[in-house]
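1. have a look at this prediction, sequence included:
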Amino acid sequence: MSPLFTGDKFGFGRSATAVSTSLVDYVTDGLLFDLDFGRLGGSNRNIADGTDLAATLRHDTISAWSSSSSTTPIDVDGGSFDYNSANGGHMDTNSNDCRVLIGLGSGTNISDTLNAATSLCVEGWYQYGGSGRDVAVSRFGSGEYGNNQFNHIFDPGGQFHYNSSGWSGGSGNVDWDAFGDNVWFHCIWQFGSNQHRWWTNNSQVGTVNVTGNTGMSSDSRFSIASRTDDYERLQGKVAIVRIYNKVLSSTEIAQNWNAEKSRFGL
């Protein structure tokens, strides 16, 4: 288990006390990206367009991923969101509409590491409003169907939509009535061994077999709560997003579920 590094190591001036969740409860093996909006702390408030959200990240998972002169690792883009301290802290886009954009920064960054990944797991705690097609997490290369693409998307009626055809991962709608509207749920989409897998609230809800592999090959930003080309913004809430460079086992998924379900009243 890696120790928590303070913000001074990475130039953010962030102390260990800013992290609201235990670092020993959830799976860290293969963890590339670890965001928790609860790390913002404090009372309810609006987070403005352009705000650097470095304090939401756990930086010991990616060495020296820090701000550069051209881009920050993570910032609010194209609007604002309401920070709500309930449920340990979360991003609420129901009243104010925005996305969170993850950039390259400097040093070893998330894109470099994603490019080398042959398996992926995108995990999060979300609420979804149910009114239309909304994106949870998205990564594009060039255009909508770039070769670095993955899209983890919610559709009405508890459906998932995925769009990974840029790296031969296929695309489509999958209807398992997997989640409700305006309720917290733990959600995992992962790809490995030519198969997509979806889990909600510690239960596997379905699989899709495909051919191909991730095949990512260039630097590319990705986003939370919209497509990276800024369509299909999420109307809902996001508390946690993690990306792993492997497929989590059922035991590991249960570990993460049990570590945080009480935070969301489950």
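-> It's in.
2. where do the helices sit along the stretch 151-266 of the chain?
-> Counting by DSSP state H, counting those that start in this stretch, the stretch 151-266 of the chain has helices at residues 250-260.
3. so where's it shaky on pLDDT?
-> 165-168, 212-220 (pLDDT under 70).
4. same thing but at 80, please
-> Applying pLDDT under 80 to the stretch 151-266 of the chain flags residues 163-170, 211-221.
5. quick one, helices of the stretch 1-150 of the chain?
-> All helices of the stretch 1-150 of the chain, identified by DSSP H, counting those that start in this stretch, fall at 7-10, 110-115.
6. which helices and strands does the longest one pack with?
-> Counting contacts by 3 or more Cβ pairs under 8 Å, 6 or more residues apart in numbering; DSSP states H and E, the secondary-structure elements packed against helix 110-115 are strand 31-36. The way it works is simple: take the backbone N, C-alpha and C, and place the C-beta from them, glycine included.
7. the inter-axis angle of the strand it packs on versus helix 250-260?
-> Put simply, strand 31-36 runs at 20 degrees to helix 250-260, going by axes from the mean of the first three to the mean of the last three Cα atoms, to 10 degrees.
8. mind listing residues that contact strand 31-36?
-> 19-21, 53, 56-58, 61-62, 74, 88-89, 102, 110, 113-114, 117, 224, 239-245 (Cβ atoms under 8 Å, 6 or more residues apart in numbering).
9. buried subset of those residues, written for PyMOL?
-> Buried residues among these (16 or more other Cβ atoms under 10 Å), as a PyMOL selection:
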select buried, resi 19+21+53+56+57+58+61+62+74+88+89+102+110+113+114+117+224+239+240+241+242+243+244+245
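10. so Q204 makes contact with S250?
-> Yes - here Q204 lies in contact with S250, judged by Cβ atoms under 8 Å, at a distance of 7.4 Å.
11. relative to G169, how far out is S193?
-> Distance of S193 to G169, computed by Cβ to Cβ, to the nearest Å: 12 Å.
12. leaving out sequence neighbours, find the closest residue to T228.
-> In this structure, T228 finds its nearest non-sequential neighbour in F140, 4.0 Å apart by Cβ to Cβ, 6 or more residues apart in numbering.
13. that neighbour: neighbour count?
-> Residues near F140, counting by other Cβ atoms under 10 Å, number 22.
14. pLDDT score for it?
-> On the pLDDT scale, F140 is placed at 70.
15. with G103 instead?
-> On pLDDT, G103 comes in at 77.
16. same question, T72
-> 72.
17. and N115, by the same measure?
-> So N115 comes in at 72 (pLDDT).
18. pull up the gap between it and M91, please.
-> Remark: distance between N115 and M91 (Cβ to Cβ) = 27 Å.
19. for the two, indicate the residue with more neighbours.
-> M91 (27 against 15).
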